[in-house]
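Novice: structure for the following, please:
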Amino acid sequence: MGAFTEHISAGMDALRSFAGETVVCWRGGKTGEFIALQTRRPYEVTDDQGLVTEILSEDFLVAAADYELDDVVELPAVGDRIEIASGEQFEVVPLAGGNHFDYRDTAKAELRIHTKRVKLGPS
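Specialist: So this is what the prediction gives:
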């Protein structure tokens with residue numbers, strides 16, 4: 001890993017420790033806990049007729065090495081569930097015509113995971 005990538009990774013670690021929260025993730029019977037930073041990001045999708053629709057994705061920024069299920073580092077999979085402290089749950093989904101996660105850096109150390117809210121927390 002180069003110096004620039006190390007600095008970016010250290011910066012993201014600091015950001016997650018300051019603004020992130022511990023989330024619970026599960027896939028089938030596998031579970032894991034890690035620190036994630038929740039973000040919202042608009043994406044534009046154009047249909048066959050040229051109509052543009054804006055979609056707001058609930059994304060989670062996670063260190064790739066931290067995305068563990070049953071103590072095994074995994075890549076996010078469509079259908080994984082992420083629950084935040086409020087009890088809200090999010091399901092990993094692909095963006096229209098795209099991926100369900102993206103690497104945020106060339107070293108593949110940081111993930112941006114695309115989700116949709118599937119359960120509101122208690123009111």
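Novice: tell me what the longest strand seen in the chain is packed against?
Specialist: Looking across the chain with DSSP state E, the single longest strand is strand 30-46. Helices and strands touching strand 30-46, by 3 or more C-beta pairs under 8 Å, 6 or more residues apart in numbering; DSSP states H and E, are helix 3-19, strand 21-27, strand 52-63, strand 68-69. Using the backbone N, CA and C atoms, a C-beta is placed for each residue, glycine as well.
Novice: for stretch 26-42, buried residues please.
Specialist: Neighbour-count burial for stretch 26-42 flags 27, 32, 34-38 (criterion: 16 or more other C-beta atoms under 10 Å).
Novice: show me the two of these that sit farthest apart.
Specialist: Pairwise distances across those peak at 20.6 Å for 27 and 37 (criterion: C-beta to C-beta).
Novice: what about the spatially most distant residue from the centre of the chain, which SS state?
Specialist: Distance from the C-alpha centroid of the chain, by C-alpha atoms, centre = their mean, peaks at residue 49 (30.7 Å). Applying DSSP: H, G, I helix; E, B strand; the rest coil to residue 49 yields a three-state assignment of coil.
Novice: where does it land on pLDDT?
Specialist: For residue 49, the pLDDT comes out at 90.
Novice: picking up where we left off before, looking at the helices and strands packed on strand 30-46, which one has the lowest mean pLDDT?
Specialist: Minimum mean pLDDT among those: helix 3-19, a mean of 64.
Novice: so how far is residue 93 from residue 54?
Specialist: For residue 54, the distance to residue 93 equals 16 Å [C-beta to C-beta, to the nearest Å].
Novice: now do residue 105
Specialist: Residue 105 is 22 Å from residue 93, by C-beta to C-beta.
Novice: with residue 73 instead?
Specialist: With C-beta to C-beta as the criterion, residue 73 and residue 93 are 22 Å apart.
Novice: those two - which one has more neighbours?
Specialist: For residue 73 versus residue 93, the count of surrounding residues by other C-beta atoms under 10 Å is larger for residue 93: 17 against 11.
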